[in-house]
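Visitor: predicted model and sequence below, questions to follow.
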Amino acid sequence: MNWIKNVTTIVISLSLSLIVAEVFVRSFYPQDLSGSWSTVDDFGLVKNKSEGRSSQSYGDRKAEYAFETFGIRSSFNPKHSTSSKVLVLGDSYTFGWLLNVKDTYINLLAKANDHMVFLNAAAGGWGASDYTAYAETYCTRINPDIILVVMNADDISRMLWSSLYTYDPDLKVVTRSEYQPTQKHRLKILINKFPLYNFLLEKSHLLQFVRSVTFGHLIPEPKEDDANPKETVSTFGLWEVENIDYSNQFSASLFQYLNNISAQCGSKLRIVYTGVQKKNNLGTYPTLEFIEYAKDIDFFNKLEIQFVDLSDTSYMVEYRGNLSKYTIKNDNHPNESGAKLLFEAINQSGILLTNKQ
C-alpha cells in the first residue's frame, strides 16, 4: 500500500515543517496573540461578530471580549423592561480596545445610568461612514431610543477613505455605494466559517503572523482618482486633505443622512466628541475642522441634534496633558484610568439626560 505510506510521509513532513515554523516565529518574531472578532456583513461593512468570545493580547496586557446579536459587545445590562435603549457607535476607543468590559467607559456609563440599556456596537477602525452604514442596516432591527455617536479624532479621515458612501459635491448628497466584495473580504468570510480559526489564532504565533501579512486592514482604501478633490499626505498616522471645504461638506451631508436614518427608526441622534485631540499647528485633522465648521454654521442645532464637545472639560484637559498616565504604553488607546476620565466627561456632559429628548 504505497499510497498510504506516501500520504503518511507527506502528513508527517508537513506537521514537522509547521512545528519548526511555529518555533522559529515564536523565537524570532513573537506575535501578540489575539483572536478574531471582525466579520463582513452583506453590505460590505466590517463589524464585530454577533456571537462568541475572543481575546486580545498586547505585551503583558490581555483583554477578553464577548459578543451578542448585531455585533454588540456584551456589557452591563440592567434588564429592566422599561429601560431606554442606547445604541452606541464609535471606533476602538468606544469599543474598549485592550480593556476588559468592566473597565470600558461604556460599561461604566451603563452602571451609572441603569435606567438605560447600552448596546455597544463600536468597532476598531470605524469612522463616520461605518457607523452611518451600521445604523442604516441595523437601526430598525434594534429599535433604540437613542443613537449615541462617540466621535473621535480620525472619524472624518476614515470617512474620506471609506468606499461605503459616495458624495456628490454638486448636489451635496451622499448615497450608499454598491458593495463590491474585495479578495480580503471573501477570504475573511470563508475563513470565519472554520470553528477552530479563532482558537488557533489565540494559540499560534505562526498563524497570527500569517494573518497579519494576509489581511492587514480589512477596511479597504479606495483607488486613487484624479477627479477626487482630496489630496492625501501622511502625518502622524492620520490623513490630511487639501480641500477641507470638500471634507466639511461631505461630513455635513453624511451626518444629515445619519440623522434621517435615526428619525426613520424612531431614535434621537446624539453626538459627543471625546476631545482626545485638539487643533494645533502640527497638521490638519479633518474631524476637528468639521467640528469647528459645524459650530460656525450652527449645523447640529439646525438639525436638532444634541452635540457636545468634551475638549475643554477638566477631564479631557487632564487626559491630554498626561497621556503616559492615561493611555496604554506604545498603543495610545485609553487605559483603565483614561477610560474612567472619558466616562466622567461623558456622564457629566448631559448628553444622556432624557429630558433633552
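Guide: Sure, I can see it. Numbering: from 1, shown residues only.
Visitor: which SSE is residue 129 in?
Guide: Take DSSP states H and E as the rule and residue 129 turns out to sit in helix 128-142.
Visitor: what about the helices in the protein?
Guide: Taking DSSP state H as the criterion, the chain contains helices spanning 2-28, 92-95, 105-112, 128-142, 155-161, 183-191, 197-201, 205-214, 244-264, 286-296, 299-302, 314-321, 323-326, 336-347.
Visitor: how much space separates the nearest residue to residue 43 once chain neighbours are set aside from residue 191?
Guide: In this structure, residue 43 finds its nearest non-sequential neighbour in residue 179, 5.4 Å apart by CB to CB, 6 or more residues apart in numbering. The C-beta positions use only the backbone N, C-alpha and C, and glycine is treated the same way. To residue 191, residue 179 is 19 Å away according to CB to CB, to the nearest Å.
Visitor: which of these two has more neighbours?
Guide: residue 179 (16 against 13; other CB atoms under 10 Å).
Visitor: so how far is residue 47 from the more buried one?
Guide: 13 Å.
Visitor: equivalent analysis for residue 330, please.
Guide: For residue 330 relative to residue 47 (CB to CB), the value is 27 Å.
Visitor: more neighbours: those two, which one.
Guide: residue 47 (24 against 7).
Visitor: which strand residues bridge the more buried one?
Guide: Beta-bridge pairing for residue 47 (DSSP bridges): residue 39.
Visitor: test my guess that it contacts residue 131.
Guide: No: using CB atoms under 8 Å as the test, residue 47 is too far from residue 131 to be in contact (9.9 Å).
Visitor: tell me the contacts of residue 308?
Guide: By CB atoms under 8 Å, 6 or more residues apart in numbering, the contact set of residue 308 is 271-273, 349-351.
Visitor: contacting residues around residue 262?
Guide: Applying CB under 8 Å, 6+ apart, the residues near residue 262 are 135, 139, 147, 268-269.
Visitor: now swap in residue 274 and tell me
Guide: Contacts for residue 274 (CB under 8 Å, 6+ apart) come out as 93, 150-153, 310, 316, 342, 345.
Visitor: likewise for residue 293?
Guide: With contacts defined as CB under 8 Å, 6+ apart, residue 293 is in contact with 248, 251-252, 299.
Visitor: try residue 104
Guide: By CB under 8 Å, 6+ apart, the contact list for residue 104 reads 73, 75, 95-96, 120, 339.
Visitor: in the sheet, who's paired with the nearest residue in space to residue 331 that is not next to it in sequence?
Guide: Spatial nearest neighbour of residue 331, chain neighbours left out: residue 58 (6.1 Å); criterion: CB to CB, 6+ apart. With DSSP bridges as the criterion, residue 58 is bridged to residue 61.
Visitor: I'd like to know which helix or strand in this structure has the lowest mean pLDDT.
Guide: strand 234-235 (a mean of 34; mean pLDDT, DSSP states H and E).
Visitor: isn't residue 299 right up against residue 253?
Guide: No: between residue 299 and residue 253 there is no contact under CB under 8 Å: 10.9 Å.
Visitor: pLDDT weak spots in the stretch 201-350 of the chain?
Guide: For the stretch 201-350 of the chain, the stretches with pLDDT under 70 are 201-202, 205-208, 211, 213-242, 281-283.
Visitor: mind running it again at 80?
Guide: With pLDDT under 80 as the threshold, the stretch 201-350 of the chain has low-confidence stretches at 201-242, 279-284.
Visitor: so residue 147 touches residue 272, yeah?
Guide: No: contact criterion CB under 8 Å: residue 147 and residue 272 do not qualify, at 11.6 Å.
Visitor: more crowded one of those two?
Guide: When residue 147 and residue 272 are compared on other CB under 10 Å, the one with more neighbours turns out to be residue 147, at 27 against 23.
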